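[1] Sequence first, predicted coordinates after that:
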Amino acid sequence: MSYAIQLLRSVVFNLQIYLAMFVVGVLWAPWAIMSPHGAIAGCHAYCRWVEWTAKWMIGLRFEVRGTPPTGEVMIAAKHQSFLDVLMIYNAVPRGKFIMKDILKYAPVLGQFGLRIGCIPVKRGKRGAAIKAMLADVKSGKALPGQLIIYSQGTRIAPGVKAPYKIGTGALYRDMGQPCVPVATNAGVFWPKRGFYRKPGVAVVEFLPAIAPGMPVADFMKKLEADVEARSDALAAEAGFDG
């Protein structure tokens, strides 16, 4: 398949998934307003739509490896593109994210994010927001679930090295929950910038959980070593040569 044809398919694919986000938001809105379960169902429906259309529109298939957690855990994931967000969220029953406070005003995305339990955080206020979330879960005001965070803080292209932020270790310590590392090669196929989408098999892999109670420095070393080594291996498997 020529680059030009694949690029054209990629552009059409990108346009339709953003249109689909609006359509899903409208169709699932009544249920989402009545119950957070409706918002969760709508988000999962959107993820499945993206997966289905990616398969036949751009030749990109999704694969989840390992055992996605179903209980209350922190998921510390490698972040390479919007694709790994969708794949990880769709693999767990009640995923939620820490999001910038301003995103709660974004059409569809913001409203559904709040309903599924995402935590809007103002600069410098993350610790207080996390404590409030944990208290709400304990009291029954909020649904328990899987808190998905990105340890490097932003999307990092395959082969690029960037530090892991100590905030991940602070959350691990404060939450007192297992941490499930996640590796991916999503950025090989769906890069941070541009419209081109490469055909192939994008993988997210849930690695063995790290039990709570480890010293933060040791936890950070293990998390980075496990995620980076496996993400590099997945990228090489996908044909990425650095």
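    Perfect, I can see it now. None of the values given here were measured: they were computed from a predicted structure. Residues are numbered from 1 along each chain as shown.
[2] from memory Gln16 sits against Trp52, does it?
    No. Gln16 is beyond contact range of Trp52, at 11.3 Å (criterion: CB atoms under 8 Å). For glycine as for every other residue, the C-beta is placed from the backbone atoms N, C-alpha and C.
[3] Please identify the buried residues of the longest helix seen in the chain?
    Secondary structure assigned by DSSP state H gives helix 3-34 as the longest helix of the chain. By neighbour count on 16 or more other CB atoms under 10 Å, the buried set for helix 3-34 is 6, 9-10, 13-14, 17, 21, 24-25, 28-29, 31-32.
[4] And for stretch 88-97?
    Buried residues in stretch 88-97, counted by 16+ other CB under 10 Å: Ile88, Tyr89, Asn90, Ala91, Val92, Arg94, Gly95, Lys96, Phe97.
[5] Spatially nearest residue to Val92 (excluding sequence neighbours)?
    Gln146 (4.6 Å; CB to CB, 6 or more residues apart in numbering).
[6] As a check, name the ranges of all helices in this protein.
    Remark: helices of the chain, listed N- to C-terminal, are 3-34, 36-57, 82-91, 109-116, 126-139, 167-175, 186-189, 216-237; assignment by DSSP H.
[7] Can you mark which positions in the second one are buried?
    Pointing back at helix 36-57 there. In helix 36-57, the ones that count as buried by 16+ other CB under 10 Å are 36, 38-44, 46-47, 49-51, 53-54, 57.
[8] Quickly note the distance from the spatially closest residue to Leu27 that is not a sequence neighbour to Ile98.
    Closest residue in space to Leu27, ignoring its immediate chain neighbours: Gly42 at 7.5 Å, by CB to CB, 6+ apart. Using CB to CB, to the nearest Å, one obtains 20 Å as the distance from Gly42 to Ile98.
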